[in-house]
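S.K.: Need a 3D model of the following:
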Amino acid sequence: MDFHSLSTQMVVSFIALVLAAATAVGVPGIWLIQEQMERQAWSQVAQASRASEALYAARRKEVADLAVLTAQRPTLRELLTQGGQERLLSYLSTLRTGADLDLVVVCGSDGRPTACVGDMIVCDVCADEITGGFHVLPPGTSPRVWLLAGHAIGGEAADLGEVVVGKAMDNTSIAEIGDQAGLEHTLLVEGQPVATSLSEGLASLTNVDRSVSRTGNAVDMERGTFSLAGQPYYFSRHSLAGTELVDEVALDVTDMTATRRRFIAILVGSIATVAAAGSVAGVMLAQRIGRPLARLTEAAAKMSQGNLESPVKAETSIQEIALVAQALEGARVDLGRTLTHLQEEKAWSEHLLEAIVEGIIILDPQDRITFFSHGAERITGWKKDRVLNHFCDDVFHTVEREEPFSQLIPAPGRKHKIVVELGDGRQATLAVTGARLTPPEEGDAEVALVFRDVSEEEAIHRLLGHFLANVAHEFRTPLSALAASTEMLLDRTSELSPAELETLLTSLHVGVVGLQTLVDNLLESASIEAGRFRVYTHPSDLGQIIAEAMRTMQPLLDKRGQRLTVELPVAIPMVEADPRRTVQVLVNLLSNASKYGPEHSVIAVEAIAEGDWVRVAVSDRGPGIPPEYRKRLFSRFVPPSPGADGAQYGTGLGLSVVKAIVEAQSGRVEVDDRPVGGSIFWFTVPKVDDA
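M.R.: Okay, here's the model as predicted:
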């Protein structure tokens with residue numbers, strides 16, 4: 001026999017396996033026996049609980065029958081008719097003793113007690129409507145619970161009232177029920193015991209800690225355990241039908257617990273003896289196999305933690321363990337190569353997906369999102385954790401279409417434009433391309449969608465038509481005016497008065513300024529689009545910048561009869577700006593203020609120093625900017641506001657150029673409503689440090 005073989009050593013370890021099997025059988029055996037004893041105990045409690053319900057019902061019926069028999073006695077009717085309080089009380093006392101009652105009350109027709117024998121505390125029951133059942137007295141009285149029943153006393157001449165009989169539900173009565181049911185009983189009112197069959201009495205039950213282990217089948221039943229005077233009890237509580245009373249049935253499980261402990265002790269002792277005997281063989285086997293296996297385990301743990309540099313060594317004479325060590329070493333080397341290759345591919349894939357500006361999502365056959373790229377997060381504004389494993393129709397809500405998003409997904413290789421509502425409430429036009437991730441013959445497959453936001457392109461296409469029409473109008477109007485003025489100068493120069501000449505020259509100047517502004521905006525917009533837009537800032541005089549803009553715009557303002565007011569600080573600050581382009585900003589803002597403001601109105605220019613910035617504002621008396629235009633007001637091809645007839649005036653380039661120039665100078669531009677009507681366009685420019 002080759003003792004270096006693992007199979008041989010496994011035979012030697014058979015004893016240890018037998019011990020393990022014995023333990024595996026013994027533990028469930030203990031559990032089964034304990035469970036069986038528990039089940040028998042609870043079954044006994046449940047039977048007693050059901051029996052108590054019948055006993056209480058029998059008690060109620062017994063008292064009700066006694067009330068009927070008492071009310072129907074001729075002698076009682078005779079005594080009530082003929083009078084004689086002493087004879088009546090004596091008769092009622094005899095009835096109470098003979099019927100084993102604790103209370104007999106005769107109530108008159110006026111609702112007051114005529115005669116009462118028994119507990120005087122309960123005599124005043126005539127005012128209550130006694131229909132038969134339990135009656136609970138206020139706290140502090142004893143006994144608190146009575147079983148009462150009433151019945152009308154019939155007479156030939158007149159109504160003789162009602163007789164009420166009752167039994168006190170005290171310790172004696174509860175003990176009788178406990179003797180009949182076979183277990184201890186306790187009657188509770190609002191969770192407090194008022195009568196019990198336990199020999200320890202009510203005082204011992206006041207502070208007993210009950211542990212509710214489970215709920216019974218009925219809604220009004222609960223089960224649990226408690227300990228009283230060192231003895232364990234199983235209890236079951238159930239509400240008495242139609243009352244606030246709770247009956248508690250308790251089983252003393254002292255003997256059962258002791259028997260269970262003895263059995264468990266014997267079984268545990270047997271298992272321990274067998275385990276101790278088998279431990280010797282286990283130790284011997286562990287010494288031979290444990291050490292090399294421990295080294296292999298340590299090597300495997302290092303591999304699982306990502307350490308693939310340490311070689312696997314297991315110096316052992318057991319052939320099987322040596323072969324396992326060799327296989328593990330080979331796996332370590334192969335795993336290291338594979339892991340390195342996978343890490344390189346993973347890094348490349350992540351870098352590729354990160355670099356792709358388009359959004360990529362993958363849908364499973366049920367249209368749930370299983371992958372959401374960084375590009376998709378950037379486009380939609382949703383985080384990956386919010387959308388993974390959600391249906392695409394719950395994430396992408398289509399706009400202006402009745403079909404859900406899943407039905408608008410294009411076929412592989414095709415592209416559709418789908419308008420959806422994103423999480424922040426804005427609408428976006430997505431150009432979506434679909435692709436299958438598995439061959440069609442494999443049935444249901446995942447679908448990859450590549451999309452990009454083409455909302456701006458779509459908006460530009462729509463606005464480009466307006467832009468072309470508006471720019472043609474912008475060129476045609478001043479050119480027509482220039483042509484007319486020039487023709488008049490050529491034909492009638494000698495006939496014109498100096499005032500008429502000045503008017504024509506002013507019209508020519510205004511037309512040239514308008515064309516120059518339009519050309520400047522077109523050139524600046526083209527340079528911004530081409531990425532060649534630059535500003536060259538240096539310390540500049542803000543007063544000169546504003547004065548230059550005023551000189552440029554004065555002819556246009558004079559033509560429309562508009563007045564320009566300027567409010568500057570006493571010490572006009574120097575600003576870090578490109579003077580030419582800042583003049584262009586003011587010219588665009590003043591041009592819009594003049595164009596959209598009424599004739600003969602006032603346009604205000606104001607400069608205020610605010611910390612490290614100077615805030616320059618242009619206020620007009622125009623119609624103001626509707627809220628729906630403000631989000632895209634500074635975009636290209638969007639005019640500042642619609643005309644009175646809904647037409648769009650201007651090319652929509654001026655404010656986009658303003659925004660580009662201001663932000664290139666590190667400032668910002670915004671628009672506010674003027675309190676008395678109109679708009680306030682303002683921008684900031686850095687102030688030169690006085691130091």
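
S.K.: show me where pLDDT drops low in the stretch 201-350 of the chain?
M.R.: 213-221, 241, 275-291, 293-296, 306, 308, 313-315, 317, 319-320, 349-350 (pLDDT under 70).

S.K.: again, only this time at 80
M.R.: Within the stretch 201-350 of the chain, the stretches with pLDDT under 80 are 201-221, 229, 241-244, 255-257, 260-261, 263-264, 267-337, 339-340, 342-350.

S.K.: what do you get for the stretch 51-200 of the chain?
M.R.: 82-84, 109-111, 119-132, 140-142, 154-160, 181, 191, 200.

S.K.: Strands of that one, start to end?
M.R.: For the stretch 51-200 of the chain, the strands defined by DSSP state E, counting those that start in this stretch occupy 103-107, 113-118, 133-136, 145-152, 162-168, 184-189, 192-196.

S.K.: Break down the stretch 451-600 of the chain into its strands, ranges please.
M.R.: Under DSSP E, counting those that start in this stretch, the stretch 451-600 of the chain gives strands at 538-541, 563-567, 574-577.

S.K.: per-domain residue ranges of the chain.
M.R.: What automatic domain parsing lists as the domains of the chain is 72-169, 170-200+209-252, 356-453, 455-691.

S.K.: Check what contacts stretch 65-77 and list those residues.
M.R.: Applying CB atoms under 8 Å, 6 or more residues apart in numbering, the contact partners of stretch 65-77 are 91, 95, 99, 101, 104, 106, 132, 149-155, 160, 162-165. Glycine gets a C-beta too; all of them are placed from N, C-alpha and C.

S.K.: same thing but at 10 Å, please
M.R.: By CB atoms under 10 Å, 6 or more residues apart in numbering, the residues outside stretch 65-77 that reach it are 79, 87-88, 91-92, 94-96, 99-101, 104, 106, 115, 130, 132, 148-157, 160-167.

S.K.: Buried by neighbour count, from those residues: which ones?
M.R.: In the contacts of stretch 65-77, burial by neighbour count holds for 79, 88, 91-92, 95-96, 99, 101, 104, 106, 115, 130, 132, 148-153, 160-167, counting by 16 or more other CB atoms under 10 Å.

S.K.: mind checking which of the domains of the chain is nearest residue 61?
M.R.: domain 72-169 (8.8 Å; CB to CB).

S.K.: got the end-to-end distance for that closest one?
M.R.: 25 Å (CA to CA, to the nearest Å).

S.K.: for stretch 106-122, same thing?
M.R.: 12 Å.

S.K.: Dump the strands of the stretch 451-600 of the chain to JSON lines, plus mean neighbour count, mean pLDDT and distance to residue 73.
M.R.: Listed next are the strands of the stretch 451-600 of the chain as JSON lines, based on neighbours: other CB atoms under 10 Å; pLDDT from 0 to 100; distance: least, CB to CB, whole Å:
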{"stretch": "strand 538-541", "mean neighbour count": "14", "mean pLDDT": "92", "distance to residue 73": "122"}
{"stretch": "strand 563-567", "mean neighbour count": "13", "mean pLDDT": "92", "distance to residue 73": "113"}
{"stretch": "strand 574-577", "mean neighbour count": "22", "mean pLDDT": "92", "distance to residue 73": "117"}
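
S.K.: Figure out which of the ones you listed is closest to residue 292.
M.R.: Nearest of these to residue 292, taken as CB to CB: strand 574-577 at 76.9 Å.

S.K.: gap between the helix or strand hosting residue 658 and the chain center?
M.R.: Element membership for residue 658 (DSSP states H and E) is helix 654-664. Distance of helix 654-664 from its chain centroid, counting by CA atoms, centre = their mean, to the nearest Å, is 43 Å.

S.K.: Residue 316 is nearest to which of the strands of the stretch 51-200 of the chain?
M.R.: The nearest among these, by CB to CB, is strand 184-189 at 67.0 Å.

S.K.: if we can go back for a sec, mind putting the domains of the chain into JSON lines with distance to residue 302?
M.R.: Listed next are the domains of the chain as JSON lines, based on distance: least, CB to CB, whole Å:
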{"stretch": "domain 72-169", "distance to residue 302": "72"}
{"stretch": "domain 170-200+209-252", "distance to residue 302": "48"}
{"stretch": "domain 356-453", "distance to residue 302": "33"}
{"stretch": "domain 455-691", "distance to residue 302": "53"}
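
S.K.: now for the ones you listed, which one comes closest to residue 344?
M.R.: Closest of the domains of the chain to residue 344 is domain 356-453, at 19.0 Å (criterion: CB to CB).

S.K.: mean confidence for that closest one?
M.R.: Mean per-residue pLDDT for domain 356-453: 79.

S.K.: middle-most residue in this protein, spatially?
M.R.: Geometric centre of the chain, nearest residue: residue 386, 11.6 Å, by CA atoms, centre = their mean.

S.K.: buried stuff in the helix or strand hosting that one?
M.R.: Assessed by DSSP H and E, residue 386 sits inside helix 384-387. For helix 384-387, burial by neighbour count (16+ other CB under 10 Å) applies to residue 387.

S.K.: From the contact counts, what lies against it?
M.R.: On a contact count with 3 or more CB pairs under 10 Å, 6 or more residues apart in numbering; DSSP states H and E, helix 384-387 meets strand 369-372, helix 374-380, helix 392-395.

S.K.: Recalculate using a threshold of 7 Å.
M.R.: strand 369-372 (3 or more CB pairs under 7 Å, 6 or more residues apart in numbering; DSSP states H and E).

S.K.: So for residue 182, what's the nearest residue that isn't a sequence neighbour?
M.R.: With CB to CB, 6 or more residues apart in numbering as the criterion, residue 182 has its nearest non-adjacent residue at 5.8 Å, and that residue is residue 48.

S.K.: Can you get me a residue count around the one you found?
M.R.: 22 (other CB atoms under 10 Å).

S.K.: where does the stretch 451-600 of the chain have low pLDDT?
M.R.: Residue ranges of the stretch 451-600 of the chain with pLDDT under 80: 453-535.

S.K.: Helices along that one, start to end?
M.R.: 455-492, 498-530, 542-559, 579-596 (DSSP state H, counting those that start in this stretch).

S.K.: Kindly report the same for the stretch 101-250 of the chain.
M.R.: For the stretch 101-250 of the chain, the helices defined by DSSP H, counting those that start in this stretch occupy 171-181.

S.K.: May I have the beta-bridge partners of residue 670?
M.R.: For residue 670, the beta-bridge partners under DSSP bridges are residue 682.

S.K.: Please name the residues that touch residue 145.
M.R.: 134, 136, 169, 187, 189, 194, 195, 245 (CB atoms under 7 Å, 6 or more residues apart in numbering).

S.K.: now it: how far from residue 57?
M.R.: To residue 57, residue 145 is 16 Å away according to CB to CB, to the nearest Å.

S.K.: what does residue 629 give?
M.R.: Counting by CB to CB, the gap from residue 629 to residue 57 is 82 Å.

S.K.: Between the two, which is the more surrounded one?
M.R.: Between residue 629 and residue 57, residue 629 has the larger neighbour count (other CB under 10 Å), namely 15 against 12.

S.K.: Go ahead and produce CSV holding the CA coordinates of the helix or strand hosting the more buried one.
M.R.: Element membership for residue 629, per DSSP H and E: helix 627-630. Only the C-alpha atoms of helix 627-630 are listed here, as CSV (Å, rounded to 0.1, in the frame of the first residue of the first chain):
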residue,chain,number,x,y,z
PRO,A,627,-39.4,84.5,-20.8
GLU,A,628,-39.5,81.8,-23.5
TYR,A,629,-36.7,83.7,-25.5
ARG,A,630,-34.3,84.2,-22.7
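
S.K.: For that helix, buried residues please.
M.R.: For helix 627-630, it's none, nothing buried (16+ other CB under 10 Å).

S.K.: And stretch 326-344, by the same measure?
M.R.: 328, 329, 332.
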